[in-house]
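Peer 1: test case, fold it:
(2 chains, ligands or ions: 1)
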Amino acid sequence: MSTSRESFEGGVFHESIPNGRAGATISIARGELVADTTGEPSQRFTIPLSQCKLDLGGASGRMVFCRTSDGSLTIFCEDRNFAKELDFQSGGVFASQLQALKKGQRAEASRFHFWLAVSAVALAALLILGYYSILGAAKVAIRALPVSVDQTIGNTAFNSMDVGRKLDSNHPASKLVEEIVDKLKPHAKIPDMKFKVTVVEGKDINAFALPGGQIVVYTALIKEAKSAEQIAGVLAHEMSHATLRHGIERIGQSIGVIAAIQLLVGDVGGLLALGGQVAQTSILTSYSRTAETEADLEGVRMLHAAKIDPQAMAEFFKMLEEKMGDLPDAVAWISTHPQHETRVENINNHKKTLESIEYEPLKLDLKAAQDAL
Amino acid sequence: MTSSLQYEIQLRPDFSLLKVSLEQGQKVYAEPSAMAAMSPNLKLKAGFKGGALKSLGRLMGGESMIVNTFSAENGPGEVLFAPGHLGDTQHYRLSGGALYLQRGAYMANSEGVEISGKWQGAKGFFSGEGLVLLKATGTGDVFFNSYGAILEVDVTGDYIVDTGYIVAFEDTLQYSVSVLPGLRGGGIKRLFFSGEGLVCRFSGQGKVWVQTRYVIPFLSWIDRFRPQKNK
Ligand SMILES: [Zn+2]
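Peer 2: Got it, this is the predicted structure:
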């Protein structure tokens, strides 16, 4: 046995010390733990290593306590090297004791962390559940709103959009699309929806519908169409977006929880303001794949009911796809309407399920409208 | 060896006032808002103490980054410190080791004492207001205050204190924060939204200072008497 080379900062508990506790300088000498208190006058306390009951704890969890068997005297130290020195001086006796104590602490800590993790996961699940149930309820509430809300949002969005130069309503191209819309209108899912179609000058082959029945068609789309039926196909699809209320549904998805709650308590004003805002960011004109498929199928139904061959709709998609090769930038409608191959397939399949009737060709002068552009 | 401060705690426990008498050359550090009165010959210096990192630590512990220094450069003098609320003031003599202080309990300290914030990790985060600690280390005097009176508890073995009532405890005590046994399950909501029902389990040997009032229940009690807004 030897004397420790170092001394350590620590402390002592003993009833002879004022307040019961004092800081101390600790060393190990001749098989004994020696503590000299730092107060004046300094007191010396010793515990033979053979009588030392070891414990681990303190606020850090790393403090080593050495107690006499009756517990009247305790010497403690937090210094990392103290434990090593203690073990070295005792000839390895304390090492296994300290290991066992540390293991017990780790088990305690991991139990705490387990409960912490469980609680955190539970809280996260609650929040997510709450979030989606509010949004879900808002979706139902949105469907229940009168169509006039769609119209207000659509008109607000249309007026705030910079769509480009609008063609006069007497222009042959304007007349053409209006006549097609008039033909389709009686077969719309929402009978009293006020459709309004505007032709806008633009190099993009594009068309879009806003909530409430505002439809915009670009001149390039009319120029590229091979038949009036193809334009009818696009218009039927866009009108379906309006009657299926995809725009307002889309707003419902992007309004967030606060607006959803507002809506549930009946405050539509916030939704209208938000709808106008959202509309400017083109969110209103890019729908989900499900919405697109729905609009395709509803469009086919409308065309069929109006005795217009839905085949033209599929043709138009095919043509756009081919066009995309040499004019990728101009085919904007394709970019907002992805997956055309499956769409063509869907349209054709859906057409087969409808009773076969004699389709009537549109008696419209597409050539004249195109020449006027 | 640092000489200790000469002090007197008056008007205990409700309206306690700490009087520190400084000898020539002595200093005392305190929370900026704690000073109530002072001798004109004492020099007051406001500023950071112990570097930016320690100051940041204090800030995380809920204390101001700025600590005022009162020094008796021109002869002896005295300074009076008052807690921000009703309550007692307690003195603790550090001789090595450490003392942990609950957020807001720190009042003043002598030279030789370092005050730093202690990041509680998950322990502190989940307890909300419950348990954010400052750590005082070194050799010297520390003064802390409570809301209500202070009860000094000598712990041997295990002891449970609601986190809202802890004022300070010694470093020889091991502590772990948990939900009050029996509240588990039903207590989850309260745990996350108020920190209520959280307790600190102390084990080992050492002192805990417990305050006899907790400010949150007092605020909710007083809230019932506030005039209601008409709908
Ligand atoms: Zn579409």
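
Peer 1: is the ion contacted by stretch A:211-219?
Peer 2: No: no part of stretch A:211-219 sits near the ion under the criterion Cβ under 5 Å from the ion; the closest distance found is 11.1 Å. Every C-beta, even on glycine, is put in place using the N, C-alpha and C of the backbone.

Peer 1: gap between that stretch and the chain center?
Peer 2: The chain centroid and the centroid of stretch A:211-219 are separated by 30 Å, computed with Cα atoms, centre = their mean, to the nearest Å.

Peer 1: go on, stretch B:8-23?
Peer 2: For stretch B:8-23 - counting by Cα atoms, centre = their mean - the centre lies 16 Å from the chain centre.

Peer 1: how about that stretch: buried residues?
Peer 2: By neighbour count on 16 or more other Cβ atoms under 10 Å in any protein chain shown, the buried set for stretch B:8-23 is B:Ile9, B:Pro13, B:Ser16, B:Leu17, B:Leu18, B:Val20, B:Ser21, B:Leu22.

Peer 1: output the top strand by length along chain A as PDB, nothing but the C-alphas.
Peer 2: As assigned by DSSP state E, the longest strand anywhere in chain A is strand A:21-29. Extracted C-alpha coordinates of strand A:21-29, given in PDB (Å, rounded to 0.1, in the frame of the first residue of the first chain):
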ATOM      1  CA  ARG A  21     -20.800  19.700   6.000                       C
ATOM      2  CA  ALA A  22     -17.400  21.100   5.000                       C
ATOM      3  CA  GLY A  23     -15.200  21.300   2.000                       C
ATOM      4  CA  ALA A  24     -12.100  19.200   2.300                       C
ATOM      5  CA  THR A  25      -8.800  18.200   0.700                       C
ATOM      6  CA  ILE A  26      -8.800  14.400   0.300                       C
ATOM      7  CA  SER A  27      -5.900  12.100   0.000                       C
ATOM      8  CA  ILE A  28      -5.300   8.300   0.400                       C
ATOM      9  CA  ALA A  29      -2.500   7.200   2.700                       C
END
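
Peer 1: go through it and flag the buried ones.
Peer 2: By neighbour count on 16+ other Cβ under 10 Å, the buried set for strand A:21-29 is A:Arg21, A:Ala22, A:Gly23, A:Ala24, A:Thr25, A:Ile26, A:Ser27, A:Ile28.

Peer 1: if we can go back for a sec, which one among the buried residues of stretch B:8-23 gets closest to chain A?
Peer 2: In terms of Cβ to the nearest Cβ, no member of those lies closer to chain A than B:Ile9, at 16.0 Å.

Peer 1: the nearest residue to the closest one once chain neighbours are set aside - how many residues pack around it?
Peer 2: Spatial nearest neighbour of B:Ile9, chain neighbours left out: B:Thr89 (5.0 Å); criterion: Cβ to Cβ, 6 or more residues apart in numbering or on different chains. For B:Thr89, the tally of surrounding residues (other Cβ atoms under 10 Å in any protein chain shown) stands at 24.

Peer 1: so who does B:Thr89 touch?
Peer 2: Counting by Cβ atoms under 8 Å, 6 or more residues apart in numbering or on different chains, B:Thr89 makes contact with B:Ile9, B:Arg12, B:Ser16, B:Leu17, B:Leu18, B:Phe81, B:Pro83, B:Met107, B:Phe143, B:Phe144, B:Asn145, B:Ser146.

Peer 1: any idea of the pLDDT on it?
Peer 2: B:Thr89 is assigned 95 on the pLDDT scale.

Peer 1: over to A:Gly269?
Peer 2: 59.

Peer 1: also A:Ser96?
Peer 2: Per-residue pLDDT puts A:Ser96 at 76.

Peer 1: what's the separation between it and A:Ser90?
Peer 2: Computed as Cβ to Cβ, to the nearest Å, the A:Ser96 to A:Ser90 distance reads 11 Å.

Peer 1: more neighbours: which of those two?
Peer 2: Counted by other Cβ under 10 Å, A:Ser96 and A:Ser90 do not tie: A:Ser90 has more neighbours, with 19 against 10.

Peer 1: and the more buried one, how far from the ion?
Peer 2: 82 Å (Cβ to the ion, to the nearest Å).

Peer 1: now that residue: phi and psi?
Peer 2: phi -90, psi 0 (degrees, to the nearest 10).

Peer 1: OK, contacts around it?
Peer 2: A:Leu49.

Peer 1: per-residue confidence for it?
Peer 2: On pLDDT, A:Ser90 comes in at 76.

Peer 1: cool, A:Ala306 as well?
Peer 2: In this model, A:Ala306 is scored at 94, pLDDT.

Peer 1: surely it and A:Lys183 touch.
Peer 2: Yes: using Cβ atoms under 8 Å, A:Ala306 is in contact with A:Lys183, at 5.3 Å.

Peer 1: identify the contacts common to these two.
Peer 2: By Cβ under 8 Å, 6+ apart, A:Ala306 and A:Lys183 have these common neighbours: A:Ala232.

Peer 1: and chain A, which residues reach the ion?
Peer 2: A:Glu292, A:Ala295.

Peer 1: nearest residue to A:Ile190 other than its sequence neighbours?
Peer 2: Nearest one to A:Ile190, counting by Cβ to Cβ, 6+ apart, is A:Thr243 at 4.7 Å.

Peer 1: run through the residues that contact the closest residue to the ion within the stretch 1-150 of chain A.
Peer 2: Closest to the ion within the stretch 1-150 of chain A is A:Asp150: 16.0 Å, counting by Cβ to the ion. Contact partners of A:Asp150, counting by Cβ under 8 Å, 6+ apart, are A:Pro211, A:Gly212, A:Gly213, A:Ala242, A:Arg245, A:Gly247, A:Ile248.

Peer 1: the second one and chain B, how far apart?
Peer 2: Remark: distance between A:Gly212 and chain B (Cβ to the nearest Cβ, to the nearest Å) = 35 Å.

Peer 1: isn't B:Trp72 up against B:Val20?
Peer 2: Heads up, residue B:72 is Ala, not Trp. No: between B:Ala72 and B:Val20 no contact is recorded; they are 10.0 Å apart, counting by Cβ under 8 Å.

Peer 1: shaky segments in the stretch 101-250 of chain A?
Peer 2: Counting by pLDDT under 70, the stretch 101-250 of chain A has low-confidence residues at A:108-117, A:120, A:135, A:138-139.

Peer 1: repeat that with 80
Peer 2: The stretch 101-250 of chain A contains residues with pLDDT under 80 at A:102-145, A:153, A:156-157, A:159-163, A:248-250.

Peer 1: try chain B
Peer 2: For chain B, the ranges with pLDDT under 80 are B:1-3, B:46-66, B:103, B:116-133, B:177-199, B:215-224, B:226-231.
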